[in-house]
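*Asks:* Next one to model:
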Amino acid sequence: MNLKPLQDRVVVRPAEAEEVSKGGIILPDTAKEKPQQGEVMAVGPGKVGDSGEIIKPQVKKGDKILYGKYSGTEITVDGEEYIIVRESDIFAIL
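*Replies:* Here you go, the predicted structure:
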């Protein structure tokens with residue numbers, strides 16, 4: 001992947017949606033929920049603070065993260081789907 005995010009943005013490869021419910025029912029594509037976790041693929045250099053210093057991001061490439069359900073912008077690069085989110089939209093590192 002040749003994609004470099006700017007400022008505090010993070011490129012995430014979302015986890016696959018569940019194929020089977022907890023009760024064992026196979027879910028069709030229309031019933032699958034949008035995943036809220038994924039793997040960090042690239043991280044920007046950081047956000048510029050009020051005094052001009054760069055605040056480094058807390059996540060790094062390879063981290064498994066939990067992000068907001070409707071966060072970010074979905075993109076496709078080389079046939080792979082990714083989401084670009086701000087670091088503030090990331091809730092936790094798993």
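
*Asks:* Distance of residue 43 relative to residue 79?
*Replies:* 22 Å (Cβ to Cβ, to the nearest Å). Any C-beta I mention is one placed from the backbone N, CA and C, and that applies to glycine too.

*Asks:* Looking at these two now, which is surrounded by more residues?
*Replies:* More crowded of residue 43 and residue 79, by other Cβ atoms under 10 Å: residue 43, with 21 against 5.

*Asks:* you'd agree that one is up against residue 60?
*Replies:* Yes - between residue 43 and residue 60 there is a contact at 6.2 Å, judged by Cβ atoms under 8 Å.

*Asks:* where along the protein do the strands fall?
*Replies:* With DSSP state E as the criterion, the chain has strands at 9-14, 37-43, 47-48, 54-55, 64-67, 73-77, 80-86, 90-93.

*Asks:* Figure out which of those is closest to residue 2.
*Replies:* strand 73-77 (7.9 Å; Cβ to Cβ).

*Asks:* how about the CA coordinates for that closest one, as CSV?
*Replies:* C-alpha atoms of strand 73-77 as CSV (Å, rounded to 0.1, in the frame of the first residue of the first chain):
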residue,chain,number,x,y,z
THR,A,73,-13.9,7.9,5.2
GLU,A,74,-14.0,4.6,3.3
ILE,A,75,-11.6,4.2,0.4
THR,A,76,-10.4,1.4,-1.9
VAL,A,77,-6.7,1.1,-2.9
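
*Asks:* re the thing from before, now distance to residue 3 and mean pLDDT too, for the strands of the chain, in TSV please.
*Replies:* What follows is these, written out as TSV (distance: least, Cβ to Cβ, whole Å; pLDDT from 0 to 100):
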stretch	distance to residue 3	mean pLDDT
strand 9-14	6	94
strand 37-43	6	94
strand 47-48	19	90
strand 54-55	20	91
strand 64-67	17	94
strand 73-77	6	92
strand 80-86	7	93
strand 90-93	18	93
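
*Asks:* As JSON lines, those with distance to residue 2 would be great.
*Replies:* Converted to JSON lines, the strands of the chain look like this (distance: least, Cβ to Cβ, whole Å):
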{"stretch": "strand 9-14", "distance to residue 2": "11"}
{"stretch": "strand 37-43", "distance to residue 2": "10"}
{"stretch": "strand 47-48", "distance to residue 2": "23"}
{"stretch": "strand 54-55", "distance to residue 2": "23"}
{"stretch": "strand 64-67", "distance to residue 2": "22"}
{"stretch": "strand 73-77", "distance to residue 2": "8"}
{"stretch": "strand 80-86", "distance to residue 2": "12"}
{"stretch": "strand 90-93", "distance to residue 2": "23"}
